[in-house]
Each structure stands twice: as structure tokens, then as C-alpha cells.
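Asker: just the structure for this:
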Amino acid sequence: MKTFLDDLKFFLEKLDHYRDEFLFLFIKPHWPRKISPNHITYLRVLVGAILFVILFFFGIVDKPLIIALFCLGALTDLFDGSVARGLNKVTEFGTMLDPVADRILILPIAVYSLYGSQKWLLLALLLIEIIGAIVSLYHKSKDATVKPNIFGKTKMVLFSVVFVVILIVWPDSPPLFFIDILWFSLFFSFLSIFTRILEMNKKGYIKNKAVNKQLDKIKIYEDI
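Answerer: Model (predicted):
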């Protein structure tokens with residue numbers, strides 16, 4: 001199991017590195033320096049808030065508008081981290097804001113598209129996101145240098161792709177293949193949470209001795 005997760009983490013981080021290297025070809029020479037990475041993340045928060053308001057307060061279900069807004073939000077997630085790394089503008093605030101912005105974008109669309117036909121999937125998604133947010137906040141309260149989690153990044157990519165497909169076919173039910181991908185993406189959510197818990201245990205932030213003893217027995221990859 002450990003070898004599999006080692007290999008999976010290495011593979012995902014390689015893909016993320018190649019994504020950065022490709023985007024750097026544009027970002028480093030051409031990106032407007034007045035637009036900071038946090039500005040891009042703020043835009044994702046704004047898009048998520050707009051989606052929430054127009055879906056649940058105004059009842060606007062214009063498919064092209066919803067898809068366009070969601071795709072814009074997903075594109076900001078593609079660029080903000082790469083811009084931060086490419087321009088050496090990574091900040092603690094930006095690192096903390098990024099997963100919050102992800103949830104603000106995803107959750108309105110998840111409720112809108114899954115509540116009618118996939119209530120158990122929606123419940124599982126909401127619960128694991130709430131747990132993930134609590135664990136991340138606790139970790140951040142103990143350590144100001146919390147790094148982005150590759151499993152969390154992978155989950156967000158899967159969510160973005162699948163929800164675009166779901167929105168395109170809405171109100172028809174999407175192919176079960178895409179619903180299965182959403183269920184599978186929860187595996188990455190779990191890994192993201194669990195690796196953070198192991199990291200906190202290694203750094204001594206978890207004080208319960210019984211919990212420490214059990215967590216000390218678990219190794220997912222060497223750099224935890």
C-alpha cells in the first residue's frame with residue numbers, strides 16, 4: 001500500500017510540475033505584474049458567490065451562463081498557483097485562501113446539480129469537505145507554513161472536469177461513469193485529510209497519546 005501511494009504521489013506531483021512548466025512559458029514573460037495571484041483567487045471567490053446567488057436566490061438556470069461562470073472559476077484555479085510560483089509571489093494568505101475559494105466555487109454547483117438525483121453522493125461530498133476544512137484550519141492554526149496538498153489539488157481537478165460535464169447535460173442525468181469519478185474523487189479528499197493528520201502528528205500538534213500511538217504506526221510516504 002505504501003509503495004502504491006508513494007508512486008501515486010510522485011506521479012501526481014510530476015504532472016503538476018509539468019503543468020507549471022508549460023504555463024511558465026506564458027506567465028514569466030507575459031503575465032501582467034499588476035495582477036497578483038491573490039487577485040485571481042479573489043475572482044474565484046467572486047464567481048462562486050455569484051453562482052450561489054443566481055442559483056439559490058434568483059433561481060436563474062440559464063445553462064450557458066452557469067457553465068461559463070463555472071469554467072471561468074475553474075480556470076482561475078488552474079492559474080493562480082502557477083502564477084504565484086512562476087513570479088515568486090507565494091504568500092501564506094494565498095495558500096490559505098486557495099482551498100477556501102475552491103470550496104466556494106464547487107459547493108453551489110454540487111448542491112445545484114446533485115441534490116435531485118445523487119443525494120448520498122452530495123452528502124458524502126459535503127461531509128468530507130467540512131471535515132477537510134476543519135482539519136486544514138486546525139493545521140493552519142498550529143503551523144503557518146502549511147504546504148498545498150497534491151491530493152487536494154487532484155480532487156479539485158476531477159471535480160472541475162466532472163461538474164462541467166454534469167452542467168452540460170443538465171437537467172438530464174450524466175453518464176454513470178462521471179458519477180463514479182465523483183465518488184472516486186472522494187478517495188483523494190480522504191488522502192488529503194489523512195496526510196495532513198499524519199503531518200500534524202509528526203510535528204507534535206496532536207496531543208492525545210492513544211491517537212499518537214496509532215498514527216505513528218502508519219506511514220504513507222517518507223516525507224510526511
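Asker: what sits against the nearest residue to residue 37 once chain neighbours are set aside?
Answerer: Closest residue in space to residue 37, ignoring its immediate chain neighbours: residue 84 at 3.7 Å, by CB to CB, 6 or more residues apart in numbering. For the C-beta atoms, the positions are set from N, CA and C on the backbone; glycine is no exception. Contacts of residue 84 were listed using CB atoms under 8 Å, 6 or more residues apart in numbering, and they are 37, 90-91, 94.
Asker: list the buried residues for the top helix by length along the chain?
Answerer: Longest helix in the chain, counting residues (DSSP state H): helix 2-30. The neighbour-count check on helix 2-30 (16 or more other CB atoms under 10 Å) flags 8-9, 12, 16, 23-24, 27 as buried.
Asker: most neighbours of all the contacts of residue 84, which one?
Answerer: residue 37 (25 neighbours; other CB atoms under 10 Å).
Asker: these two touch, right, it and residue 93?
Answerer: No - assessed by CB atoms under 8 Å, residue 37 is found out of contact with residue 93, at 10.1 Å.
Asker: skipping adjacent residues, who's closest to the residue most central in space within the chain in space?
Answerer: Nearest residue to the geometric centre of the chain (CA atoms, centre = their mean): residue 156, 3.7 Å. Distances taken as CB to CB, 6+ apart put residue 102 closest to residue 156, at 5.2 Å, once the chain neighbours are dropped.
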